[in-house]
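Chemist: here are the coordinates; sequence isn't available:
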């Protein structure tokens, strides 16, 4: 009767079996990589396969013709006949033709590789970018997922082609090995056995260290990302002023260097172990070759084989040894490539919840926006960012959200634009839950200027045009939106008007002031003619008070029939709103008109009075 837990050796056997299963399980991406390359360019894939076949067959043929040359030379020397000499020369010409064919096949393989590398690299990068477009905002705000995307992008363009090339190389080498093996078997089956056994230890060691290198790669993603961030801070124009004024550059370079030293220490240890063991185990192959060499020499000296046979067997054994090492290296490399491809497919196969809604209009048009007891907590947090908020925005109404930083104002906008879904409660538009709206239809109705709006390194007009992708290049729409956003006057003064390149990344780029950039962003929000909801999150933070008042007076005029949500810390503009909601720690603590809130002597009145005192 066996004891509980099985036989004494069972755990070891199970561990060995699991290791083998995991090893071969890694190769599951090989077929997908082949399919990816095939679908990228079938013609090049076929050419690569045929050229690999030719390159695999020719070396053994060259070796065999070499044997014929030696034997025919010996025969010609013995017979002295002209026909025998011409036959030897004929074999030399045949070998030259075969060598030329091999060289052509290798060059063709190189050309196919280069062309496929460019096409495949572009295709995979596009796949990653298209996947990124399907992600929710929560993915970009999740450091763990960001690490996953970073790992996918690193080496993603090179690994599939590398895997396919190793696969073709393995096929080519396998063909060569079959022909080499057939020739060696005519000498001795033991020679084939020695060849195989001598190559295995180095292969096992290399595969093991490939796995360790991959695990280091995965563990290091946060550190690598920190290095990338430090590079951008040190070398990007938007950080340059502070870096120079505060003199923090050397400290950041020092931090960058410390990360490198820590990672380099791990690399050095792995590289030394990998190199030393590779050298020691590689000596087995060298010893096997010279043992076989001696064996063949003795057989020749005894008259068991001809001088041509000796030349062929020595050459074949050496080439077979090289081919077997190459085959095992290809298998080990495929193992490594599959490990890295797991990063790519892990990212591409990330399940993204489909947008649930498909409605393009609500049952009660004109009802406006209603937040009904809405709460939301960010992933990983225990404190609600929005806590049981209820408010209504009617058609044409201008609502202002007021509160200190972190009070939940911007979170409400993220919920309205469906960047996130409420943890509880319901938000409706025209009487329909936002989750039932088609996401495209919902966002067509919303124009937004975010507090951290993007300053695209595009032309001025394109910077405005991004507000409506359907009119991205429509200059008439640019001009109309710029007039509403009050950016038209300074745009007309730029050297090339709406065609002026903005930013310093590209040639002839012009930089705008922060106030001008905000007007461009405000114009961007007006690009959407269908939008009856405008959201302005700190839209005038970089403008002077006079410009701000002028903008909001103009804003009320051009948005008379649109709902507007305004977030601002300046109460001179907030007071222009029809209705004001005061938030604190995610909760509505006060609401009403400016006059009502001032009479209430609460949070709003205190903040307004404090800010007004600063202007006296």
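Modeler: Perfect, thanks for sending it. It should be emphasised that the depicted structure is a prediction, and the values quoted were computed from it without experimental measurement.
Chemist: all contacts plus neighbour counts: C-alpha atoms, from now on.
Modeler: Will do.
Chemist: ok, and the closest non-adjacent residue to residue 501?
Modeler: residue 459 (4.2 Å; Cα to Cα, 6 or more residues apart in numbering).
Chemist: if I look at the one you found, how far off is residue 528?
Modeler: 19 Å (Cα to Cα, to the nearest Å).
Chemist: Who has more neighbours out of those two?
Modeler: residue 528 (26 against 19; other Cα atoms under 10 Å).
Chemist: Around residue 243, count how many other residues there are.
Modeler: Neighbours of residue 243 under the rule other Cα under 10 Å: 17.
Chemist: wait, is it part of a strand?
Modeler: No: assessed by DSSP: H, G, I helix; E, B strand; the rest coil, residue 243 does not belong to a strand; its assignment is helix.
Chemist: tell me the helices in the stretch 301-450 of the chain, going along the chain?
Modeler: All helices of the stretch 301-450 of the chain, identified by DSSP state H, counting those that start in this stretch, fall at 307-348, 409-416, 439-444.
Chemist: Need the residues that contact the second one.
Modeler: If you take Cα atoms under 8 Å, 6 or more residues apart in numbering as the criterion, helix 409-416 is touched by 385-386, 401-403, 420-422, 427, 434, 535, 537, 567, 583, 586.
Chemist: Now for residue 115, how many residues are close by?
Modeler: Look at residue 115: counted by other Cα under 10 Å, it has 12 neighbours.
Chemist: how about it, phi and psi?
Modeler: phi -70, psi -40 (degrees, to the nearest 10).
Chemist: how about it, what does it touch?
Modeler: Listed by Cα under 8 Å, 6+ apart, the contact set of residue 115 is empty.
Chemist: Check what pLDDT it gets.
Modeler: Reading off the confidence values, residue 115 has pLDDT 86.
Chemist: pLDDT of the helix or strand hosting residue 253, averaged?
Modeler: Using DSSP states H and E, residue 253 maps to helix 249-301. Per-residue pLDDT over helix 249-301 has a mean of 74.
Chemist: Compute the distance from the centre of it to the centre of its chain.
Modeler: 30 Å (Cα atoms, centre = their mean, to the nearest Å).
Chemist: And the residue lying closest to residue 419 once chain neighbours are set aside, how far from residue 379?
Modeler: Nearest residue to residue 419, sequence neighbours excluded (Cα to Cα, 6+ apart): residue 137, at 5.7 Å. Using Cα to Cα, residue 137 is found at 12 Å from residue 379.
Chemist: And for residue 363?
Modeler: As judged by Cα to Cα, residue 363 and residue 379 stand 33 Å apart.
Chemist: nearest to residue 145, of the helices of the stretch 301-450 of the chain?
Modeler: For the helices of the stretch 301-450 of the chain, the distance to residue 145 is smallest for helix 307-348, at 8.6 Å, taking Cα to Cα.
Chemist: quick one: average confidence on that closest one?
Modeler: Per-residue scores along helix 307-348 average to 71.
Chemist: Looking at residue 137 and residue 379 now, which is surrounded by more residues?
Modeler: The neighbour count for residue 137 versus residue 379, taken as other Cα under 10 Å, is higher for residue 137 (12 against 9).
Chemist: unless I'm mixing things up, that one is touching residue 417, no?
Modeler: No: judged on Cα atoms under 8 Å, residue 137 makes no contact with residue 417 at a distance of 10.9 Å.
Chemist: Show me the common contact partners of the two, please.
Modeler: Common contact partners of residue 137 and residue 417 (Cα under 8 Å, 6+ apart): none.
Chemist: Let's see the pLDDT reported for residue 393.
Modeler: For residue 393, pLDDT reads 90.
Chemist: which residues touch the nearest residue to it once chain neighbours are set aside?
Modeler: Nearest non-adjacent residue to residue 393, counting by Cα to Cα, 6+ apart: residue 369, 5.1 Å away. The contact partners of residue 369, taken as Cα under 8 Å, 6+ apart, are 392, 393, 394, 427, 428, 429, 430.
Chemist: Tell me the one of those nearest residue 576?
Modeler: Closest to residue 576 out of the contacts of residue 369 is residue 393 (15.3 Å), distances taken as Cα to Cα.
Chemist: Tell me, how many residues neighbour the closest one?
Modeler: 20.
Chemist: Give the buried residues for stretch 428-446.
Modeler: Using 16 or more other Cα atoms under 10 Å as the test for burial, stretch 428-446 gives 428-439, 442-444, 446.
Chemist: Out of these, list just those in strands.
Modeler: With strands taken from DSSP state E, the overlap with the buried residues of stretch 428-446 comprises 428, 429, 432, 433, 446.
Chemist: I'd say the second one and residue 370 touch.
Modeler: Yes: using Cα under 8 Å, residue 429 is in contact with residue 370, at 6.6 Å.
Chemist: thinking again about what came up before, return the member of the buried residues of stretch 428-446 nearest to residue 44.
Modeler: residue 439 (40.9 Å).
Chemist: Where does residue 590 sit, in terms of helix or strand?
Modeler: Per DSSP H and E: strand 587-592 holds residue 590.
Chemist: That strand versus helix 409-416: what angle between them?
Modeler: Orientation check (axes from the mean of the first three to the mean of the last three Cα atoms, to 10 degrees): strand 587-592 against helix 409-416 gives 90 degrees.
Chemist: Following the chain past strand 587-592, name the next helix or strand.
Modeler: Sequence-wise, the next helix or strand downstream of strand 587-592 (DSSP H and E) is helix 594-600.
Chemist: chain center to that next one, what's the gap?
Modeler: The answer for helix 594-600 is 52 Å, by Cα atoms, centre = their mean.
Chemist: Tell me the helices and strands packed up against that helix.
Modeler: Applying 3 or more Cα pairs under 8 Å, 6 or more residues apart in numbering; DSSP states H and E, we find helix 594-600 packed against helix 603-613.
Chemist: any idea how far the residue nearest to the spatial centre of the chain lies from residue 344?
Modeler: Centroid-nearest residue in the chain: residue 153, 2.6 Å away (criterion: Cα atoms, centre = their mean). Separation of residue 153 from residue 344 (Cα to Cα) stands at 7 Å.
Chemist: and if you look at residue 532?
Modeler: Per Cα to Cα, residue 532 is found 41 Å from residue 344.
Chemist: Pick out whichever of those two has more residues nearby.
Modeler: The neighbour comparison of residue 532 against residue 344 (other Cα under 10 Å) goes to residue 344, with 26 against 18.
Chemist: Which residues are in contact with the nearest residue to that one once chain neighbours are set aside?
Modeler: Excluding its sequence neighbours, the residue lying closest to residue 344 (Cα to Cα, 6+ apart) is residue 152, at 4.3 Å. Residues in contact with residue 152 (Cα under 8 Å, 6+ apart) are 128, 341, 343, 344, 345, 346, 347.
Chemist: Got the phi and psi for the closest residue in space to residue 404 that isn't next to it in sequence?
Modeler: Distances taken as Cα to Cα, 6+ apart place residue 584 nearest to residue 404, at 7.0 Å, with adjacent residues excluded. Taking degrees, to the nearest 10, you get phi -150, psi 120 for the backbone angles of residue 584.
Chemist: sorry, back to before: show me what the helix holding residue 253 is packed up against.
Modeler: By 3+ Cα pairs under 8 Å, 6+ apart, helix 249-301 packs against helix 189-219, helix 221-235, helix 307-348.
Chemist: who touches stretch 477-485?
Modeler: Contacts to stretch 477-485, defined as Cα under 8 Å, 6+ apart, come from residues 461, 464-465, 471, 488, 519-520, 522-527, 551, 554-555, 558.
Chemist: what is the rounded mean pLDDT of stretch 403-414?
Modeler: 85.
Chemist: Got the domain ranges for this protein?
Modeler: For the chain, automatic domain parsing gives the domain ranges 30-225+261-348, 359-445+531-616, 454-529.
Chemist: Could I get the contacting residues of residue 61?
Modeler: Applying Cα under 8 Å, 6+ apart, we find residue 61 in contact with residue 98.
Chemist: how close does it get to residue 306?
Modeler: For residue 61 relative to residue 306 (Cα to Cα), the value is 18 Å.
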